[in-house]
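Engineer: Here's my sequence, what's the structure:
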Amino acid sequence: MDQDNRDDRIPTGQYARLHIKEIPSAVATKLCVFAKTVPIISCGLLQQESKMSVLHFSIKKHDTYDAPIKAKEELVFLIGFRQFVASNSDKHKMERFLHAGRFSMASVYAPICFPPLPLIVLKHGEGGAVPTVAAVGSLRSIDPDRIILKKIILTGYPQRVSKLKASVRYMFHKPEDVRWFKPVEMWTKCGRRGRIKEPVGTNGAMKCVFNGVLQQHDTVCMSLYKRAYAKWPEHRFPIIDA
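Structural biologist: Reported below is the predicted structural model:
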């Protein structure tokens, strides 16, 4: 607007007519119907904004929303003029629910946008009810290499205990699995640390060594992690992690 010698600018307050090519008749009909009730937004996109990537949002559960929000649950994300359906690099642990009172990261496949962009998360109502505001937040980053880890805990129970050694069963069911996970450290609910020494028999039992005397009522645990990915949207366009 400051360059008065340009001929491609439109002065403020004037109407402009847009000619859009190659639009299906069904889409054009819907636009004509929507234009009578709601405003239609026309804008230009930068070079990268038409491509898909992994967007990470910092979101917080809304104070007025009490229902639980699970990971990979279908939600409606409103960012600027865009709206798309989504399923709810440092290493971050995956959360099963969006906890109230604190911020979490929601990772979705979506068109590229530029932070910081405000976000409103809507959840569909039951029986065709009006969607309600479930969470709010903002766009934090665009990073497809961010690693999200899902934690799984395997448990077993001591069968025989002899000082620092114990025979543990019900964690595995094959000797091959015992040998495969032999390098992984084990821990118990009473605070002991240990490792697998060797498999016993053919039913997945194993001999383990701990750093203290194991109690007969204790539970032996093993923490395993795997990488989790955001769900590709079926509508062509979260995972929640801490």
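Engineer: quick one: average pLDDT of stretch 34-49?
Structural biologist: The average pLDDT for stretch 34-49 rounds to 80.
Engineer: Centre of the chain to it, how far?
Structural biologist: Between the centre of stretch 34-49 and the centre of its chain there are 28 Å (C-alpha atoms, centre = their mean, to the nearest Å).
Engineer: likewise stretch 66-76?
Structural biologist: Distance, centroid of stretch 66-76 to centroid of chain: 11 Å (C-alpha atoms, centre = their mean).
Engineer: before we move on, what about stretch 117-124?
Structural biologist: So, by C-alpha atoms, centre = their mean, the centroid of stretch 117-124 is 15 Å from its chain's centroid.
Engineer: Touching that stretch from outside, list them.
Structural biologist: 57, 59, 65, 67, 69, 73-80, 106, 131-139 (C-beta atoms under 8 Å, 6 or more residues apart in numbering). All C-beta atoms are positioned from the backbone trio N, CA, C, and that covers glycine.
Engineer: for stretch 197-211, how far is the first residue from the last?
Structural biologist: 13 Å (C-alpha to C-alpha, to the nearest Å).
Engineer: Which ChimeraX command selects the buried ones in the contacts of stretch 117-124?
Structural biologist: Remark: buried members of the contacts of stretch 117-124, expressed as a ChimeraX selection using 16 or more other C-beta atoms under 10 Å:
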select :57,59,65,69,73,74,75,77,78,79,106,134,135,136,137,139
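Engineer: Show me what the helix or strand where residue 84 lies pairs with in its sheet, parallel or antiparallel.
Structural biologist: Residue 84 is located in strand 82-87, with elements delineated by DSSP states H and E. Strands that pair with strand 82-87, judged by DSSP bridges, come out as strand 74-79 (antiparallel).
Engineer: what's next to the strand it pairs with, contact-wise?
Structural biologist: With contact meaning C-beta under 8 Å, 6+ apart, strand 74-79 is reached by 57, 69, 83-88, 108, 110, 113, 117-124, 131, 134-135, 139, 238.
Engineer: can you tell me which of these are in strands?
Structural biologist: 57, 83-87, 108, 110, 118-123, 134-135, 139 (DSSP state E).
Engineer: and the chain, what are its domains?
Structural biologist: 52-148+228-241, 150-227 (automatic domain parsing).
Engineer: ok, and for stretch 172-181, which residues are buried?
Structural biologist: Buried residues in stretch 172-181, counting neighbours by 16+ other C-beta under 10 Å, are found at 172, 175, 178, 181.
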